[in-house]
Every structure is written in structure tokens, then in C-alpha cells.
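Peer 1: build me a structure from this.
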Amino acid sequence: MTLDKLIDLLLQKGFTVVTGAVGLKLIVVDAVIGGDNKIEILAIGALLLSVATVVSYLVWKTRVSIKQQKSIIADQTLNDALSDNP
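Peer 2: From the prediction side, this is the model:
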């Protein structure tokens, strides 16, 4: 499995969306009615929201670096082709 396929799988399955939504729901809704467990619910919600944010950032950063690598390879190939045919 390539990195592109893994990223697409994560995005298709909605991992970051579901994790972020559950974390936000825990923070906004469940912490209000949490009673004695309010601190634990807030901590779990914040953890889930931060995991979703980090995964989303890493996916974005990986896609950008892959595009840059492909661009560099294309430039090198073009330069090689031009140097072969003066």
C-alpha cells in the first residue's frame, strides 16, 4: 500500500471528520451535562479533537511534499531531455 492510497483511505473513511465531531460533541454537549465526570469528558474531547487536527495536518503536509517531489522529478526529467537534445 502506497502512502497516497493510505491518505485517500483515511480521508474516504472520514477518520478526521468523525474523530473531530465526536471530540467537539464531548466538549460542547456532554461536558455540560457530565456532572461529576465533567473534567474527564472535557479531557477526552480535547484529546480527540487534537488527534483529528494533527492527522489532518499530517495528511495535508504529506500531500504537499509528494506534489513537490513530483514537481522536482518532472523538472529534472525535462532538464535531462533538454540537455540530450541541444
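Peer 1: when you work out contacts or count neighbours from here on, use the C-alpha atoms and nothing else.
Peer 2: Noted.
Peer 1: roughly how far apart are the spatially most central residue of the chain and Thr62?
Peer 2: Centroid check for the chain by Cα atoms, centre = their mean gives Ser56 as the closest residue, at 2.1 Å. Per Cα to Cα, to the nearest Å, Ser56 is found 10 Å from Thr62.
Peer 1: in this structure, which spans are helices?
Peer 2: Secondary structure of the chain (DSSP state H): helices at 3-13, 15-25, 38-84.
Peer 1: quick one: mean pLDDT for the second one?
Peer 2: Going back to what we said before, that points to helix 15-25. Averaged across helix 15-25, pLDDT comes to 81.
Peer 1: list the buried residues for that helix?
Peer 2: For helix 15-25, burial by neighbour count (16 or more other Cα atoms under 10 Å) applies to Thr16, Val17, Thr19, Gly20, Ala21, Val22, Gly23, Leu24.
Peer 1: how near is the last one to Lys61?
Peer 2: Read it as Leu24. Counting by Cα to Cα, the gap from Leu24 to Lys61 is 23 Å.
Peer 1: before we move on, what about Asn37?
Peer 2: Asn37 sits at a distance of 36 Å from Lys61 (criterion: Cα to Cα).
Peer 1: again, but for Ile72
Peer 2: Ile72 sits 17 Å away from Lys61, going by Cα to Cα.
Peer 1: cool, and Ile41?
Peer 2: To Lys61, Ile41 is 30 Å away according to Cα to Cα.
Peer 1: looking at those two, which one has more neighbours?
Peer 2: Shown here are Ile41 and Lys61; by other Cα atoms under 10 Å, Ile41 has more neighbours (21 against 12).
Peer 1: excluding sequence neighbours, find me the nearest residue to that one.
Peer 2: What sits nearest to Ile41 in space, not counting adjacent residues and going by Cα to Cα, 6 or more residues apart in numbering, is Ala31, at 5.8 Å.
Peer 1: in this structure, where is pLDDT below threshold?
Peer 2: By pLDDT under 70, the weakly predicted segments of the chain are 1-4, 6-13, 85-86.
Peer 1: Asp80: which of the buried residues of helix 15-25 is nearest?
Peer 2: Thr16 (41.2 Å; Cα to Cα).
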